[in-house]
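Engineer: mind folding the following:
(one chain, ligands or ions: 1)
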Amino acid sequence: MPDRPTCNAHGFDRYHHAVRADLTYGGGGWFALFNGVSSAPKKIAFTCSLCGETFETTRDPEVLKQYRKYPYVRKPADVPVAPPSGGRPAPPDGA
Ligand SMILES: [Zn+2]
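Structural biologist: Reported below is the predicted structural model:
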């Protein structure tokens, strides 16, 4: 298990529910939107909502990718092999 930064007061890591992720989309704004490349944040700062400490800032592409769906983010270890059916159930056998 990787050693992730945590807030000093509580030991919460970026996946804790009390930790807020502030997504930064960088420059470009509407222009980036226009070009369809704005969906991924550029930088994320993780702040504990209890003590207010910003204990981690990341530009890790893997993390950025996860947080595209923020706040629907799950710890990688908690993500099931098959994603939960998001509206459209899998067709029955022999469809
Ligand atoms: Zn804290």
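Engineer: so Thr47: helix, strand or coil?
Structural biologist: What DSSP: H, G, I helix; E, B strand; the rest coil gives for Thr47 is strand.
Engineer: burial count for it?
Structural biologist: 19 (other Cβ atoms under 10 Å). Heads up, the C-betas are built off the backbone N, CA and C, glycines and all.
Engineer: so it makes contact with Val19?
Structural biologist: Yes. Counting by Cβ atoms under 8 Å, Val19 is a contact partner of Thr47 at 6.8 Å.
Engineer: pull the helix or strand with minimum mean pLDDT from this protein.
Structural biologist: helix 30-34 (a mean of 56; mean pLDDT, DSSP states H and E).
Engineer: which residues touch the residue nearest to Cys7 when sequence neighbours are not counted?
Structural biologist: Counting by Cβ to Cβ, 6 or more residues apart in numbering, Cys7 lies nearest to Cys48, which is 3.9 Å off, once chain neighbours are set aside. When contacts are counted by Cβ atoms under 8 Å, 6 or more residues apart in numbering, Cys48 touches 7, 9-10, 12, 16, 18-20, 55.
Engineer: Asp22 too?
Structural biologist: Contacts of Asp22 by Cβ under 8 Å, 6+ apart are 44-47.
Engineer: how are the strands of the protein distributed by residue range?
Structural biologist: Here the chain has its strands, by DSSP state E, at 19-24, 43-48, 54-58.
Engineer: so for Pro89, what's the pLDDT?
Structural biologist: Looking at Pro89, its pLDDT stands at 62.
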